[in-house]
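this is a predicted model, with the sequence first.
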There are 2 protein chains.
Amino acid sequence: MNKMNKYFLSENNVPFQDYFNFGLSVDCVVFGYVGEEIKVLLVQRDAEPFLGNWALPGDLVPLDEDLADSASNVLQNLTGLENIFMEQFYTFGAVDRHPAGRVATVGYYSLVKSDNYHPIASSWVKETEWFSIKDLPKLAFDHDQILEKAVSTLKSRVKYRPVGFELLPTKFTLLELQALYEALLDYKFDKPNFRKKILSMDLLVQLDEVQANVSHRPAKLFQFDEMRYIELRKEGFAFDITVKG
Amino acid sequence: MNKMNKYFLSENNVPFQDYFNFGLSVDCVVFGYVGEEIKVLLVQRDAEPFLGNWALPGDLVPLDEDLADSASNVLQNLTGLENIFMEQFYTFGAVDRHPAGRVATVGYYSLVKSDNYHPIASSWVKETEWFSIKDLPKLAFDHDQILEKAVSTLKSRVKYRPVGFELLPTKFTLLELQALYEALLDYKFDKPNFRKKILSMDLLVQLDEVQANVSHRPAKLFQFDEMRYIELRKEGFAFDITVKG
DNA sequence: TCAAAAGTGTTCCGAATACACCCATGC
DNA sequence: GCATGGGTGTATTCGGAACACTTTTGA
């Protein structure tokens, strides 16, 4: 027994080494926005257990890799994307959540712009697919629960942080932004009021561009001003899209 | 090698078993409210590493214990308290965060009523003490970082959920509640307006009791109405104590 | 009677709401 | 012209902020 064991001994006197048999994994909930719907990227397993089942992209963390790095790496290996907004939301650690041993998993979610996103199926994955969060299959392991937690976390965070902009293409119209928020929060906003509120926040830059080839008045295109956001946060600015109680 | 390894193999082909050498721990940030100050319970280590240093109460998770149970058990072993509001806030998994091996730790915070709380030092702890979150010692491991994250999480959650009531004695006056929120949010509220706002939420029950032995007009005592809160949440009610931007 | 804190009422202002209306484009 | 969605202006309402005031107790 290692001399260090005493600092970690529980009442029941389990020796130190017995504690070091955990597996640690990360599971990524990748949100996208396609066709006015919030989607999530799932992978189909090509192996037991849960062969053929849909699951969240995830993997075991190597012993020599930081947790946050591991999350980025899993996403990158699976999707080829780098520098994606990514945030930890919850850790799941039920004893029997994994049939192969004791594995705790840390959930991360990310938001990607669907227009420059091209998923690549990795070795143990049969295929990848976007699913609407309103029409999900039964998932492997406890991934249903993980996904549900990710969705509720996203819905609550989106009200107080401009995470939503990550889901849209770089250039977007105000009505596209409104439709996104309506999908995220499941709430209809009044068009003039939504415009006023968003524009008064001073977070958008209006571009010298408009929509093309639309059979109605073309909308002006906007861009999220990240520098301005960082500055406003320093001043204690609170992004706040709340829905009527 | 286990047949299951292929489902978890990374690009670099590390075999399955090598992943299962993690330790998993929980660290508890126990908040209290004493003398109009937000305090946190720390323990002084009686052993290497970090002998003599203050640290968060925490312990390794046994392989056969659920994560959430482990958090309660650590708190109970250390404090004797049961059924305490307890919430996970973040998981820390840097490679070198623990000198004894690769240990990821899951942070939980809890809020306790100081009037019925009596900490008991456990075996590997020299003593326990409440520290104001405005005057903290240097902590062992990466506990500074964990505590900082807990504080920022508490400060943001307290605005949208009535967690604050957990810190007060069962019966309290409105000005005590106000002082608590002022300490939590580091903001001075206007007395009449704070009263109006809190009372309009319909979350408090006014008792037939007043303060005793005070050399001024005695304040009415109130109690948090948890049933009412659960009901209001169902209707989509949003508890909201926001401070001026 | 005075100090100290409890508790109330009222005005003012700005933000959110509701809603009516005009504009630009393709067909 | 007209359908379609883009975009603007305004009256009203509601809640928050500010602040002056009265009440009740102990000493």
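That came through fine.

per the record, what domains does chain A have?
A:18-157, A:162-234 (automatic domain parsing).

can I get the ones you listed in JSON lines with mean pLDDT, distance to residue B:211 and mean neighbour count?
Every residue, glycine included, has its C-beta placed from N, CA and C. Output for the domains of chain A, formatted as JSON lines (pLDDT from 0 to 100; distance: least, Cβ to Cβ, whole Å; neighbours: other Cβ atoms under 10 Å in any protein chain shown):
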{"stretch": "domain A:18-157", "mean pLDDT": "90", "distance to residue B:211": "37", "mean neighbour count": "18"}
{"stretch": "domain A:162-234", "mean pLDDT": "92", "distance to residue B:211": "41", "mean neighbour count": "15"}
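
can you give me the angle the longest strand seen in chain A makes with strand B:23-34?
Identified as the longest strand of chain A according to DSSP state E is strand A:23-34. Counting by axes from the mean of the first three to the mean of the last three Cα atoms, to 10 degrees, strand A:23-34 lies at 70 degrees to strand B:23-34.

next SSE after the host helix or strand of residue A:208?
Here residue A:208, judged by DSSP states H and E, is contained in strand A:204-210. Next helix or strand after strand A:204-210 toward the C-terminus (DSSP H and E): strand A:220-224.

is DNA strand D within reach of that following strand?
Yes - counting by Cβ under 7 Å from any atom of the strand, contacts between strand A:220-224 and DNA strand D involve residue A:220.

what about whichever helix or strand comes after that strand and DNA strand C, touching?
Scanning forward in sequence from strand A:220-224 by DSSP H and E, the next helix or strand is helix A:226-234. No - Helix A:226-234 is not in contact with DNA strand C by Cβ under 7 Å from any atom of the strand; minimum separation 14.5 Å.

what packs against the longest helix seen in chain A?
In terms of residue count, the longest helix belonging to chain A (DSSP state H) is helix A:143-157. With contacts defined as 3 or more Cβ pairs under 8 Å, 6 or more residues apart in numbering or on different chains; DSSP states H and E, helix A:143-157 has these neighbours: strand A:23-34, strand A:86-92, strand A:103-111, helix A:174-185.

try 7 Å this time
Using 3 or more Cβ pairs under 7 Å, 6 or more residues apart in numbering or on different chains; DSSP states H and E, the elements in contact with helix A:143-157 are strand A:23-34, strand A:86-92, strand A:103-111.

between that helix and strand A:23-34, how big is the angle?
60 degrees.

contacts for helix A:143-157, please.
A:27, A:29, A:31, A:40, A:55-56, A:89-90, A:92, A:107, A:109, A:133, A:138-139, A:163, A:184-185 (Cβ atoms under 7 Å, 6 or more residues apart in numbering or on different chains).

equivalent analysis for stretch A:24-35, please.
In contact with stretch A:24-35 (Cβ under 7 Å, 6+ apart) are residues A:38-41, A:56-61, A:70-71, A:74-75, A:103-112, A:114, A:117, A:130, A:143, A:146-147, A:150, A:154, A:167-168, A:180, B:22, B:93, B:104.

how about the residues of chain A near DNA strand D?
A:173-175, A:191-193, A:195, A:210-211, A:215-220.

surely residue A:21 is in contact with residue B:63?
Yes - assessed by Cβ atoms under 7 Å, residue A:21 is found in contact with residue B:63 at 5.9 Å.

for residue A:21, give me its contacts.
Residue A:21 neighbours (Cβ under 7 Å, 6+ apart): A:102, B:20, B:63.

rebuild these as a markdown table, extending it with distance to residue A:229.
As requested, the contacts of residue A:21 are exported to a markdown table (distance: Cβ to Cβ, whole Å):
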| residue | distance to residue A:229 |
| --- | --- |
| A:102 | 41 |
| B:20 | 42 |
| B:63 | 44 |
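
out of these, which comes closest to DNA strand C?
residue A:102 (47.4 Å; Cβ to the nearest atom of the strand).

re earlier: which elements pack onto whichever helix or strand comes after the longest strand of chain A?
Going down the chain from strand A:23-34, the next helix or strand is strand A:37-45, by DSSP H and E. Counting contacts by 3+ Cβ pairs under 7 Å, 6+ apart, strand A:37-45 packs against strand A:23-34, strand A:54-55, strand A:125-132, helix A:174-185.

nearest approach to DNA strand C belongs to which of the ones you listed?
helix A:174-185 (12.1 Å).

any residues touching the closest one, and which ones?
Taking Cβ under 7 Å, 6+ apart as the rule, helix A:174-185 contacts A:33, A:36-38, A:155, A:158, A:164, A:167-168, A:188-189, A:191, A:194-195, A:198, A:219, A:222, A:241, A:243.

what about it, near DNA strand C?
No - using Cβ under 7 Å from any atom of the strand, helix A:174-185 never reaches DNA strand C; the gap is at least 12.1 Å.
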